[in-house]
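**Q** predicted coordinates and the sequence they were generated for:
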Amino acid sequence: MIRASLQHLSSVIWLLVDTLHEMGDHIYFRRRLPFRLEHFVEQADRTGFGSVPLVGMVCFFLGLTMALLSGYVLKTFGQERLVPNLVAIAFARELGPLITGIMLAARMGAAFTAELGTMMVSEEVEAMEAMGIGPRRLLIGPRLLAIFLLMPCLVVVGDCAALLGGQIISKMVFDIRILAFAHQAVDSLELRDMVGGVIKSFMFGGIIGIVSCYKGLAVRGGAAGVGEATTSSVVTAITVVIGSDTLFNIVQTTIFS
Amino acid sequence: MPAAPPAKEPARPEPERGDEDARPAAELTDVYLSFGEKEILKGITFQVLPKERYVVMGKSGGGKSTLLRLILGILQPTKGSVQFNGVEVTRMGRHRLNRMRQKIGMVYQYSALISSLSVRGNLALPLEELTDKKAAEINAIVEEKLEMVGMIDSIDAMPAELSGGMRKRIGLARALVNDPELILYDEPSAGLDPVTSSTIDELMIELSEKIGTTSIIVTHEMDSAFRVATRMAMIYEGVIHAEGTPEQVRHCSDPVVRQFITGDTEGPLTEHVD
């Protein structure tokens, strides 16, 4: 199992290097953007704008639940005024990037794998290769860049939605005023919380993008193969996102303590 | 060892002295290829001269389509040499390989049209990505190639809206957009009705005679093979078992070739199942 995992890891790294190499070649030899701008805009639109409702809604409900449950516990110590701090720090540092990562792995990772897998099965990817076009540059490039760049934006959306959920429930249950909640949440955040969250979101975006594209391009065996690869892509991306989150937290905590 | 080939000295077009066209368009020398434990090709050697229509026949799973992928540099042989226009394909870097591929057109068994692009988009893609041509020029080329295959009316259709035969013609038109020197056909008549199959065959002959391109056609449809070939070869047990003109192959007495041509269920082909 360890050997197979290492093999997959090296293949993923190789795919990334190969894609960057193909893109670099195109820029160097053809003096052009590695892929068409409209392809990037299309991917950015579906990855970013298209994911806002899902990420927003999930984070809103999670923020609401978190404020409610933590408020009940803190109330027993007379400390329910700390609810804004808790929600803000938890989402900025941890839950925002993590929940958004899981949502995007399920939504966009599955889509990327299924699309590329279907193209593999119908030999479309090979046809592009045979024409000398460079399928990795055209197919992986815009997808990877879109999810890498838009992940932090979605995390911000998720954080805001969570704070909104927390604000509403805090006002209703713990009588914390909306503006006071906002001020306290912002005041409680330190630069390292936000920087950590942003770094994580870029990292998770890259992981989801490359894992899902790798799984898509590794599809063999028709429709069943596409289904299998899509499931495997989502499972792998979520596991790797959570694993790398843990690793990042250990490193971050070690360095800053 | 397989039986002796039917034609030791196959009737190839005789190269004229001083004619640079006499250099083989494609040449495979002692090519071996394995996928894991399974050895697919066991020392394939053949050459295809310019303007030939070279048909490669053989049983399904015998490595016919693999040959086309070796010529395109999509697969690397375990051992041996693959040359296009006298240049070794196996040692090319990515940039040179991509430039070489622009001189080769590939027609896939199931067309392999990009499903998210219209017919126009499919044909324009290589021109947009690999040339500096302006949009109007690209459009003119796309229309010209679609006219050649009689599919101009479907220029704005999506691949999913087309029949198998139509898709095949579009695939052929796409293979022609870069004015290739060599066209590789992977099972061009497979899955088509006899009339459409004949139309595709005639199209292949017409294009080869009009434009003068070299063609390598992989098929196991015997009618189609005899119709289009100027020279043909049969792969059996990973090697070129027989090679010659259609007439030589048709009258060949080798039992393997005979069984393949006649489609008999009894004979050496069915005795040696891998």
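**A** Now that the structure is in, tell me what you want to look at. Residues are numbered from 1 along each chain as shown, chains lettered A, B, ... in the order given.
**Q** poorly predicted segments of the chain, please.
**A** All of this is about chain A. A:257 (pLDDT under 70).
**Q** please go with chain B instead
**A** Residues of chain B that meet the cut-off, pLDDT under 70, sit at B:1-21, B:272-274.
**Q** which residues of it fall in helices?
**A** B:64-71, B:94-101, B:119-130, B:135-148, B:164-176, B:194-211, B:222-228, B:246-250, B:255-262, B:268-271 (DSSP state H).
**Q** and the ones you listed: which comes nearest residue A:181?
**A** helix B:119-130 (51.5 Å; Cβ to Cβ). All C-beta atoms are positioned from the backbone trio N, CA, C, and that covers glycine.
**Q** tell me which residues touch residue B:215, please.
**A** Residues near residue B:215 by Cβ atoms under 8 Å, 6 or more residues apart in numbering or on different chains: B:52, B:53, B:54, B:182, B:183, B:184, B:185, B:204, B:208, B:228.
**Q** residue A:256: neighbour count?
**A** For residue A:256, the neighbour count with other Cβ atoms under 10 Å in any protein chain shown is 9.
**Q** who in the stretch 1-150 of chain A is up against chain B?
**A** A:21-22, A:25, A:29, A:118-119, A:122-124, A:126-134, A:138 (Cβ under 8 Å from any Cβ of the partner chain).
**Q** looking at the helices of chain B, which is closest to chain A?
**A** With Cβ to the nearest Cβ as the measure, helix B:94-101 is the member of the helices of chain B nearest chain A (3.5 Å).
**Q** which other helices and strands contact the closest one?
**A** On a contact count with 3 or more Cβ pairs under 8 Å, 6 or more residues apart in numbering or on different chains; DSSP states H and E, helix B:94-101 meets helix A:2-30.
**Q** show me which residues of the helix it packs on are buried.
**A** A:12, A:15, A:16, A:19, A:20, A:22, A:23, A:25, A:26 (16 or more other Cβ atoms under 10 Å in any protein chain shown).
**Q** one more: stretch B:90-106?
**A** For stretch B:90-106, a neighbour-count test (16+ other Cβ under 10 Å) marks B:90, B:92, B:97, B:98, B:100, B:101, B:102, B:104, B:105, B:106 as buried.
**Q** how many neighbouring residues does the spatially closest residue to the third one that is not a sequence neighbour have?
**A** So the one you mean is residue B:97. Closest residue to residue B:97 apart from its sequence neighbours, by Cβ to Cβ, 6 or more residues apart in numbering or on different chains: residue B:73 at 4.8 Å. Neighbourhood size, residue B:73 [other Cβ under 10 Å]: 23.
**Q** next, residue B:73: phi, psi?
**A** Per-residue torsions, residue B:73: phi 80, psi 10 (degrees, to the nearest 10).
**Q** from residue B:88, how far off is it?
**A** 10 Å (Cβ to Cβ, to the nearest Å).
**Q** which neighbours do those two have in common?
**A** Joint contacts of residue B:73 and residue B:88 (Cβ under 8 Å, 6+ apart) are residue B:82.
**Q** regarding chain A, what is its longest helix?
**A** helix A:222-256.
**Q** from the chain's centre, how far out does that helix sit?
**A** For helix A:222-256, the gap between its own C-alpha mean and the chain's C-alpha mean amounts to 10 Å (Cα atoms, centre = their mean, to the nearest Å).
**Q** could you do stretch A:170-184 as well?
**A** Counting by Cα atoms, centre = their mean, stretch A:170-184 comes out at 29 Å from the chain centroid.
**Q** can you check stretch A:21-31 too?
**A** For stretch A:21-31, the distance to the chain centre is 28 Å (Cα atoms, centre = their mean).
**Q** so where do the strands sit in the stretch 51-200 of chain A?
**A** For the stretch 51-200 of chain A, no strands turn up when DSSP state E, counting those that start in this stretch is the criterion.
**Q** helices of that one, start to end?
**A** A:52-76, A:83-89, A:96-104, A:110-121, A:124-130, A:135, A:141-169, A:178-188, A:191-217 (DSSP state H, counting those that start in this stretch).
**Q** got the contact list for the residue nearest the centre of chain A?
**A** The residue lying closest to the centre of chain A (Cα atoms, centre = their mean) is residue A:101, at 3.2 Å. Taking Cβ under 8 Å, 6+ apart, we find residue A:101 in contact with A:151, A:200, A:201, A:204, A:205, A:207, A:208, A:238, A:241, A:245.
**Q** and if we set it to 6 Å?
**A** A:204, A:241 (Cβ atoms under 6 Å, 6 or more residues apart in numbering or on different chains).
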